[in-house]
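> here you go, sequence then predicted model.
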Amino acid sequence: MSEMLSMAKAINLGLKQAMTDDSSVILMGEDIGTLGGVFRVTEGLKTEFGENRVLDTPLAESGIVGTAIGLAMRGYRPVCEIQFDGFVFPAFDQIVSQLAKQTSRHQGTQSFPVVIRIPYGGHIGAVEHHQESPEAYFAHTAGLRVMSPATPNDGFHMIQQAIRSNDPVIFLEPKARYWPKGEVDMNSTPAPVYQSRVVRTGTDATLVGHGAMVAMLLDAAELAAQEGRSLEVIDLRSISPIDYDPIVASVGKTGRLIVAQEAPGNASVGSEIAATISERAFFSLEAPVQRVSGFDTPFPPANLESIYLPDVDRILDAVDRALAY
Amino acid sequence: MPYTEATLQLLTTDGTLVENDRVAPYRPLVDALTDQQLQDFYREMVVTRRFDIEAGNLQRQGQLALWIPSLGQEAAQVGSAFATRSQDTIFPSYREHSIARIRGIDPIHIIELLRGVTNGGWNPNDSKFRLYTLVLGTQTLHAAGYAMGIAFDGKTGTGNLDTDEATIVYFGDGSSSEGDVNEAMVFAQSYQSPLVFFLQNNQYAISVPVERQSRSPLYKRGEGFGIESHQIDGNDVLISYAVTRASLDEARAGKGPRWIEAQTYRLGAHTTSDDPTKYRQASEEEYWKQRDPISRYELFLRAKGASESFFAEVKAEGEDLAADIRARTVTLTAPPVETIFNHVYTDEHPLMAAQHQWLKDYDASFGGAS
Ligand SMILES: Cc1ncc(C[n+]2csc(CCOP(=O)(O)OP(=O)(O)O)c2C)c(N)n1
Ligand SMILES: [Mg+2]
C-alpha cells in the first residue's frame, strides 16, 4: 500500500506501527499526549494507546532521558521526544555520559534501546534555540547511533528501524521537511538503515547531505543540469555510522565531492566526511573536498537565517570551485 | 487546586480589601502606597494588555514570527515589578512584558525579538532587567549566581534599604520541574543569597496542566528546600506587590532567599502557534475570566474615587502605544549581515574574520554591492 503523506504523518504512522508491533514501546515527552506534540507527530497516539504508553511528562529533559534509561533497564523501549533541537542540552549528560555508555559498562549483559527524537534544523523562521543542528555532538559520542530521514518514506520506515535497534538512536527529524508530501510505501521492505543512498545519478561532481539538505541538493542538481552539469546526489540517512562505500564509489566516478549541511562547519559531520574521503579516495579526487555549512556562529535571528543557511546558490558556488580544478 | 487555604489575597474579585490575621502584616505596605502609585499599577496593567493584544494582531498579519501573550498575568507581574527597588536586578523568563516596560524598556525591543530581528534586544546594564530567556529555567541559576555576587560584594544586610540589593527571578509552573530550578534553590539557600523566586503558576506548560509538574501546591516546593515560601493570589496586584516587597526586603536584609508562587492563569494561547481548545475547557477559561486581574482592580480604584477621566486617559494611553508599536513594527528591517559575526566573541577570533570576509567576497561575486 502506497500513499502520499507528509513526513510528520509518516513518522506518526511509523510510531503507531512500532507500538502495535511491540508492547514494550512507549513514548515520552512534553506535550506529546493530549496535544499530540507541537508538530503533531504523536497526534492521536495517546487516545489509541493510553496514557501509560504515551506519557505527557513533567517539563524536564534530563528527567525524560534519565527515566527512559531506567525504563530500558526494566525492559521497555522508550521513544523520547525533545520538543526542539535547542532544548536537548538539559539532557546532555543523560545522553552522552549515561545513555551512550551504558551498553559498554554493562559488558553485553544489557542493551539500551532508547530512541531520542529531535525536530531539528532551520528554514522555519523561528525564535532563538528553535532552528539548530546539533548532530555533531552526538555523532562524536561513541555508543550513540544518529540518523535523519530526508523523505516521508524514510520517516515511516526509519523510525521503526530506530525503535527496533538495540542501541540508543538519536533520531533527527528535519522540521523543514515535516509538511511536504511524498510517496510512502508502507508494505515495502525498507533498505538497511545504515546505508547511504544515491538519490540522483550524475557524472561531474558528487553532492552529499542529510535531512532537509537533501531536497536542497536535488534542487541544486536540477538547476545545474539546465546548465549542462551532471551532479550526483547522495542522501546519508545515517550520520553515525556513515556508510562510505556509495560515496567512495561516486567520487571514483566524479572525482569531486561537495558536502553540505546546515550545521556549523567547524568540527562537523561534513568535516569527518571530507577527512575520510581524503583518506579513502585520495587518488580519485580531482579537487579538494568542498564543505558548505552554516557559519561558525550562533544561529542568527530569523531575519538573517536565509544568509546563514546554505542555499542552492552556495551549493552551486562550491560546485564551481570544485570544477575549477 | 488553584487556590488553597494558604493563598494570600488582599483584593477580592469584587474589589474590596480582605481583612484577616494572615494578610494583616502586608496591609501597611499597601496603605503606604500613594494614589499615584495605585493608579500606576492600573495604568501598567491596562497599557500592557493593550500592547499585548496589538502584538498578537501584528503576528496574525504576518508582521511577527510569533507572539507570546501575557494576558491574564498582569497583576502578578505589575505588582511584583513595582515591589522591586531601583537597585534590584530582575531575571525574566519570556512573558514579562509589563515588567520590561516598568523597567523602562521600550516594548518595541520585545517586538524585535519576536520578529526575528535580534536575539537580545536591550542592554541589561541600563535597566537591571536581564534578557529574556527561552531555555526554560536556566535563568534561575543565573539569578542565584548574581545574588551570590551581591552578598560577596557586601551589598546585603547593611540595613540601608536604598542601597542593599536583591534579585528576583521569574519562571513558570512547567519550568519548576527543570533540574536547573531545583539546583538554583540549593545554591540560593546554601549561600543565603538575596534572591526571590517568583513562580507564575498560570496552570499550564503549553498543554500540560500543572498537576503533571506537582501533586502538591508549588509553594511547598520552596519549603521543601528550606526556603520561606508563600502562595499568593496572582491576580491580585496588591498582594503581589506586598508579598514581593516584603520578600525582597527580607532577602536584601541578608535573611536568604524567598519563594513566591503566584496563582494566575494564562488567558490566551501559550503562543500564537498554540491552540488551547485542544486541551482545556471553555468553562475553565470562564472561571478565570471572572477572576480577571484588571477588572477587580478597576472596581477597587473606582470605590476609592478614581475619576472617569483617569480611566479614559489610561485607555487612550494604551491606544496610543498600540498605534505607535504598529507603526514602528512595520518599518523594522533585518539587521545588517555583519551582526551574524559581530560579538560572537569578545576578543578577536580568526574564524569570524575569515568567514565574514568569505561572505563579502561571495556576495561580491554576484556583481552586486557586498
Ligand atoms: C528547556 C526547554 N524545554 C522545552 C521548551 C519548550 N517550551 C517553551 S515554553 C514551554 C512551557 C513552559 O511552561 P511554564 O514554565 O509553565 O511557563 P509558561 O509558558 O506557562 O509561562 C515549553 C515546554 C523550552 N523553551 N525550554
Ligand atoms: Mg505555565
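Nice, I can see it. Ligands and ions are numbered 1, 2, ... in the order given.

> how about the residues of the stretch 101-250 of chain B near ligand 2?
By C-beta under 5 Å from the ion, the part of the stretch 101-250 of chain B that sits against ligand 2 consists of B:172-173, B:202, B:205. C-beta: built from backbone N, CA, C; applies to glycine.

> and if we set it to 6 Å?
Proximity of the stretch 101-250 of chain B to ligand 2, by C-beta under 6 Å from the ion, involves residues B:172-174, B:202, B:204-205.

> is there any residue in stretch A:20-29 that contacts ligand 1?
No: judged by C-beta under 6 Å from any ligand atom, stretch A:20-29 and ligand 1 are separated, with a smallest distance of 9.7 Å.

> just the CA atoms of that stretch, as PDB, please.
Only the C-alpha atoms of stretch A:20-29 are listed here, as PDB (Å, rounded to 0.1, in the frame of the first residue of the first chain):
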ATOM      1  CA  THR A  20       1.300  -2.000  17.700                       C
ATOM      2  CA  ASP A  21       4.100  -4.500  16.900                       C
ATOM      3  CA  ASP A  22       5.800  -4.300  20.300                       C
ATOM      4  CA  SER A  23       4.000  -3.500  23.600                       C
ATOM      5  CA  SER A  24       7.300  -2.500  25.300                       C
ATOM      6  CA  VAL A  25       7.500   0.600  23.100                       C
ATOM      7  CA  ILE A  26       6.400   3.700  25.000                       C
ATOM      8  CA  LEU A  27       6.500   7.400  24.000                       C
ATOM      9  CA  MET A  28       7.700  10.100  26.400                       C
ATOM     10  CA  GLY A  29       7.900  13.900  26.000                       C
END
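
> show me which residues of it are buried.
With burial defined by 16 or more other C-beta atoms under 10 Å in any protein chain shown, the residues of stretch A:20-29 counted as buried are A:25-29.

> of all of chain A, which residue lies closest to ligand 1?
residue A:87 (3.7 Å; C-beta to the nearest ligand atom).

> quick check: can you list the domain ranges of chain B?
B:7-329, B:336-370 (automatic domain parsing).

> looking at the residues of the stretch 101-250 of chain B next to ligand 2, which are in helices?
Per DSSP state H, helices hold no members of these.

> look up phi and psi at residue B:315.
phi -60, psi -40 (degrees, to the nearest 10).

> that one against residue B:43, yeah?
No: between residue B:315 and residue B:43 no contact is recorded; they are 10.1 Å apart, counting by C-beta atoms under 8 Å.

> ok, the most centrally placed residue in chain A to residue A:171 distance?
Among the residues of chain A, the one closest to the centroid is residue A:148, at 1.9 Å (C-alpha atoms, centre = their mean). Distance, residue A:148 to residue A:171, by C-beta to C-beta, to the nearest Å: 8 Å.

> got it, and residue B:236?
47 Å.

> so which of the two has more stuff around it?
A direct count of neighbours by other C-beta atoms under 10 Å in any protein chain shown for residue B:236 and residue A:171 places residue B:236 higher, at 30 against 25.

> which ones are touching that one?
The contact partners of residue B:236, by C-beta atoms under 8 Å, 6 or more residues apart in numbering or on different chains, come to B:9-11, B:75, B:79, B:293, B:296.

> which residues touch the closest residue to residue B:228 other than its chain neighbours?
Nearest non-adjacent residue to residue B:228, counting by C-beta to C-beta, 6 or more residues apart in numbering or on different chains: residue B:258, 5.5 Å away. Counting by C-beta under 8 Å, 6+ apart, residue B:258 makes contact with B:195-197, B:222, B:227-230, B:247-248, B:250-251.

> show me where the stretch 201-325 of chain A has its strands.
A:205-209, A:231-235, A:238-240, A:257-264, A:290-294 (DSSP state E, counting those that start in this stretch).

> residue A:75 falls within a strand, correct?
No: applying DSSP: H, G, I helix; E, B strand; the rest coil, one finds residue A:75 to be coil, outside a strand.

> from residue A:53, how far out is the nearest residue to it once chain neighbours are set aside?
Leaving aside its chain neighbours, residue A:75 sits nearest to residue A:24 (6.0 Å; criterion: C-beta to C-beta, 6+ apart). Distance, residue A:24 to residue A:53, using C-beta to C-beta: 10 Å.

> now residue B:322
47 Å.

> same question, residue A:322
Counting by C-beta to C-beta, the gap from residue A:322 to residue A:53 is 49 Å.

> looking at those two, which has the bigger crowd around it?
In this view residue A:322 and residue A:53 are compared by other C-beta under 10 Å, and residue A:322 has more residues nearby, 23 against 18.

> mind listing what the more buried one touches?
For residue A:322, the contact set (C-beta under 8 Å, 6+ apart) comprises A:205, A:256-258, A:287-288, A:290.

> before we move on, what about residue B:33?
Neighbouring residues of residue B:33 by C-beta under 8 Å, 6+ apart: residue B:241.

> residues near the residue in the stretch 201-350 of chain B positioned nearest to ligand 2, how many?
Relative to ligand 2, the nearest point of the stretch 201-350 of chain B is residue B:202 (4.2 Å; C-beta to the ion). Applying other C-beta under 10 Å, we find 25 residues neighbouring residue B:202.

> gap between it and residue B:274?
Counting by C-beta to C-beta, the gap from residue B:202 to residue B:274 is 13 Å.

> residue B:193 contacts residue B:142, doesn't it?
No: in this structure residue B:193 lies outside contact range of residue B:142 using C-beta under 8 Å: 12.0 Å.

> tell me who's in contact with the closest residue to residue A:301 other than its chain neighbours.
Computed as C-beta to C-beta, 6+ apart, the closest residue to residue A:301 that is not its neighbour in sequence is residue B:116, at 4.8 Å. By C-beta under 8 Å, 6+ apart, the residues touching residue B:116 are A:125, A:127, A:301-303, A:305, B:65.

> cool, residue A:52 as well?
Contacts of residue A:52 by C-beta under 8 Å, 6+ apart are residue A:26.

> tell me which residue of the stretch 151-300 of chain A lies closest to ligand 2.
The nearest approach of the stretch 151-300 of chain A to ligand 2 comes at residue A:175, 24.0 Å away (C-beta to the ion).

> my read is that that residue contacts residue A:41, right?
No: look at residue A:175 against residue A:41 with C-beta under 8 Å: they stay out of range, at 10.5 Å.

> more neighbours: which of those two?
More crowded of residue A:175 and residue A:41, by other C-beta under 10 Å: residue A:41, with 27 against 24.

> for that one, grab phi and psi.
According to degrees, to the nearest 10, residue A:41 has phi -70, psi -30.

> surely it and residue A:81 touch.
Yes: using C-beta under 8 Å, residue A:41 makes contact with residue A:81 at a distance of 7.4 Å.

> low-confidence bits of chain B, can you list those?
Where chain B drops to pLDDT under 70, the residues are B:1, B:368-370.

> list, one by one, the residues from it near ligand 1.
Contact residues, chain B versus ligand 1 (C-beta under 6 Å from any ligand atom): B:95, B:134-136, B:172-175, B:202, B:204-206, B:266, B:270.

> save the residues you listed as CSV, and put in distance to residue B:218 too.
What follows is the residues of chain B next to ligand 1, written out as CSV (distance: C-beta to C-beta, whole Å):
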residue, distance to residue B:218
B:95, 17
B:134, 21
B:135, 20
B:136, 15
B:172, 10
B:173, 6
B:174, 11
B:175, 11
B:202, 12
B:204, 13
B:205, 12
B:206, 17
B:266, 15
B:270, 18
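
> contacts only, for residue A:100.
A:141-144, A:168.

> buried stuff in the helix or strand containing it?
If you go by DSSP states H and E, residue A:100 is part of helix A:100-105. Residues of helix A:100-105 classed as buried under the neighbour-count rule (16+ other C-beta under 10 Å) are A:100-103.

> and which of these is nearest to residue B:278?
Nearest to residue B:278 among the buried residues of helix A:100-105: residue A:100, at 35.3 Å, using C-beta to C-beta.

> any figure for the gap between the closest one and residue A:273?
Distance from residue A:100 to residue A:273, by C-beta to C-beta: 21 Å.

> fine by me, thanks again.
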